[in-house]
Structures are given as C-alpha cells and as structure tokens.
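Visitor: Structure for the following, please:
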Amino acid sequence: MSLTLAAGAVSAQEVVVKVGVAGPLTGSGAAYGKDIENGVRMAIDEANAEHHTIGGKPVKFVMESQDDQGDPRVGVQAAQQLVDDNVSVVVGHFNSGTTLPASKIYAKAGIPMITPAATNPTITQSGLNTIYRVIATDSQNAGNAGQYAATVTKAKRIAIIDDRTAFGQGEADEFEKAVKSAGGSIVAREFTNDKAVDFSAQLTAIKSTNPDLVFFGGLDAQAAMLVKRMRQLGMKAQFLAGGGVMDANFIRLAGSAADGSSVWEYGQPLSTLAKGKTFESRFKQKFGTDMLSYAPFAYDATWVAIKAMEAANSVKPADFNAALKSTNYDGVTGKIAFTQTGDLKNPRSTMYQVKDVAWVPITTRSAD
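Guide: So this is what the prediction gives:
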C-alpha cells in the first residue's frame, strides 16, 4: 500500500496533502489491500478532524488510491504514477515482490516510503535512504517460527513448502535457517506458485519423508487449501505458517482441517496493547467489518508520516525524511522507532493457534 502526499494550495490558507494508497485492490490479495486502504483512510479522517497545521498553514489530507494488483510490473507503474503526481510520502506496498521494485522508484525521486506489510529483509538492505518499515521482517518473524518449531514443538522431521514469491520464499528461507541453527532437521523442501490450487504432488513427496511438522510460506487462501489437502492425504503432521495466514478466511476455507494449525504473525495481539481494543472497535464501527492483519500497521504508518511532517514543519520529502529517522511514536501496534536501515526497532511477533474455530494467541516473543 502506498501513502502519498503532495502539497498544493487550495486557498491562500489551506494546503492539500494528497494521501495515496497503492496495493492489491483487485485480485487474490484484494482483501488485504482494502484492509490497508481502510487503515490509511481512518488515520486521514482523524487527522482532518483535528485540523492540523504544518508550515504555518492548515492542511487537509486527501486519499488517492492506486491498484498494483499484487504484480511487480503493475506496482512499478503505480509507483511511477504517484511520483508523477508529485507525492511526498508513500506507505506501501503490501506484497514484498511489488515493494522491492517500487521502492527504487520512490527512492530515485527522493520520496520516503513506509511499508506496513512487506516483510522481505532485502527491502531495507539496499542502502536506500528513504525506506522505512513498521512491521517485523521475515528473518525476525519466520526466525521465531523456526526456533519454536525446533525447540518447543520438538519436531524431529520438518518439511517446508513455499509459493516462490518474495514473501513466501523469503519466509521459508528464514524459517529453514532458524531450524538448522537450533539443531532441527529439514527432511523436505518443495515449492509451488502463488496461483496454484492443487498441492497433491508436493504433499505426496513430503508425505514420503514422514514429517511431523509442515511449514508453509504463503498467504491464507493457499494455506487453507494446503492444510485441507494434507488431512485428505492422511497426513497428521503439525501445520505451521509464518504470517499472512491469520484471519477468518483461512478457517472458513480449511474447515475442520484448520483445527490445531498455527501461525507466527507480525506484532502482538492488539488486545494486549493500550490502544488496541479501542482501535478494533472504532474500525468496525467505521467500516462495518472486522479488520484483517495490516490495517493497524497502515494506520500507524500514516500517523508516523504526519508526525514527521509536523516535526519538520514541512510536507516536502527532503525536509521530513530526516524527521522520520528520529521517529518515536506510540502507535496502535506499539512503540515505533527506526534503525539506521529503516527497520522497526524492537519488533515483536506472536504465535496463534486455531482452537474452537478461532485464532488464539499462544506466545509473544521479541523478533530481534
């Protein structure tokens, strides 16, 4: 998703700050893209109600959306459109594979990008000076999953399958590293693609290795089909995912096969955070639907951008990019401050398990 701000005078007094959202508003990831868009919209509406002043002038935030379809090629086009519209900041995108090339477009234009959802570690490892992330990385989150699988579940024979996207493969790679580092054993590594609906070949190969735990790197719909097929094939192995799975859609699609499934998700339960429960209830009241995983991160990313502009007393990218580096914001998702590379300081991640047709938090760990 992308948050964009471009300043232009509406009158002698008021300045318009365009807030753009770029994410998968159509296609398989559309629910997440809309969730992120709603998080941004909520922050913008609140900011406008508070009548903020920047640079001595009242500002009005206006949201403008771009659909990147979860496709890297389309994502680059969406990013260029936002740059051409003279945006000041970008919050986005959702998919790591889309964020990676889009981030270079923004950086070349000197526009800060804050991602609320893209978790591949390489996003912040390219030396770009304008990239920020308000969520844990795959190495941190899937690293926790791998360590947990090897040391807490005591799984002796661990298999891995991923969807070959920058997100899914990145998660699987980091999970494997963590398992091996903790002394665990990987007995199989298979892959599919993010459009597949049948995993019989991969699971048959995995079943032959007699695993006691299967890890999947990918999103909710495929994860549901995968665990359902596992049970149809008589596989009793634990099912574990590393993010992008924890919502009602997984439980609905997987049915009874969802029971006992686990996922390590980015962040910690909102119910344990000071502003969490209030945010959830306000979100549902405003949009008439429950939030998914990323709305609160998008909401926080938007406010981080607004606060940086206020600190710099400017909506110009060159001015408030420096202020972003010294961010110290108490958000819905927790404390937000950035490392030198733009990653989140002191990230957390939580393991959830399906019990009685609901996701239940089991344990939260530091993701450092």
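
Visitor: Checking the closest residue to D290 other than its chain neighbours next. Helix, strand or coil?
Guide: Spatial nearest neighbour of D290, excluding adjacent residues (Cβ to Cβ, 6 or more residues apart in numbering): K284 at 5.9 Å. For every residue, glycine as well, the C-beta is placed using N, CA and C. Of the three states, K284 takes helix according to DSSP: H, G, I helix; E, B strand; the rest coil.

Visitor: With S28 instead?
Guide: What three-state DSSP gives for S28 is coil.

Visitor: what does the model give it for pLDDT?
Guide: S28 is assigned 83 on the pLDDT scale.

Visitor: contacting residues for it?
Guide: Contacts for S28 (Cβ atoms under 8 Å, 6 or more residues apart in numbering) come out as G70, D194, K195, L219, A221.

Visitor: on that earlier part again, pretty sure the residue nearest to D290 contacts T278?
Guide: No. Contact criterion Cβ atoms under 8 Å: K284 and T278 do not qualify, at 11.2 Å.

Visitor: What segments of this structure are helices?
Guide: Taking DSSP state H, the helices of the chain run over residues 30-50, 72-84, 96-108, 138-151, 166-181, 200-207, 220-232, 248-254, 276-287, 295-312, 317-325.

Visitor: list the buried ones in stretch 164-181?
Guide: 164-176, 178-179 (16 or more other Cβ atoms under 10 Å).

Visitor: And for stretch 21-34?
Guide: Those would be V21, A22, G23, P24, L25, G29, A30, A31, Y32, G33, K34, for stretch 21-34 by 16+ other Cβ under 10 Å.

Visitor: Also stretch 254-268?
Guide: For stretch 254-268, using 16+ other Cβ under 10 Å, the buried residues are A254, A257, A258, D259, S261, S262, V263, W264, E265, Y266, G267, Q268.

Visitor: Out of the residues you listed, flag the one nearest to S126.
Guide: Nearest to S126 among the buried residues of stretch 254-268, counting by Cβ to Cβ, is Y266 at 20.8 Å.

Visitor: For I131, which of the helices of the chain is the nearest?
Guide: Across the helices of the chain, closest to I131 is helix 96-108 (Cβ to Cβ), at 5.5 Å.

Visitor: So what touches that closest one?
Guide: Under Cβ under 8 Å, 6+ apart, the answer for helix 96-108 is 2, 22, 24, 68, 70-72, 74-76, 78-80, 82-83, 90, 92-93, 112-113, 115, 118-120, 122-123, 126, 128-131, 138, 165-167, 170.

Visitor: residues touching T339, list them.
Guide: K345.

Visitor: Make 119 the first number, not 1, from now on.
Guide: Got it, the first residue is 119 from now on, which makes the last one we talked about T457.

Visitor: Phi and psi next, for it.
Guide: phi -80, psi 180 (degrees, to the nearest 10).

Visitor: try the one 3 residues further on
Guide: Its backbone dihedrals place G460 at phi 100, psi 0, with angles given as degrees, to the nearest 10.

Visitor: so it touches T242, yeah?
Guide: Yes. Assessed by Cβ under 8 Å, G460 is found in contact with T242 at 4.8 Å.

Visitor: Overlap of the contact sets of those two?
Guide: Residues touching both G460 and T242 (Cβ under 8 Å, 6+ apart): I249, Y250, R251.

Visitor: so what pLDDT did L123 get?
Guide: If you check L123, the pLDDT there is 49.

Visitor: and if you look at the one 4 residues further on?
Guide: In the prediction, the pLDDT value recorded for A127 is 44.

Visitor: ditto for G449
Guide: 96.

Visitor: Sheet partners, orientation included, of the longest strand anywhere in the chain?
Guide: Using DSSP state E to define each element, the chain has its longest strand at strand 175-185. In the sheet, strand 175-185 lines up against strand 133-141 (parallel), strand 171-172 (antiparallel) (DSSP bridges).
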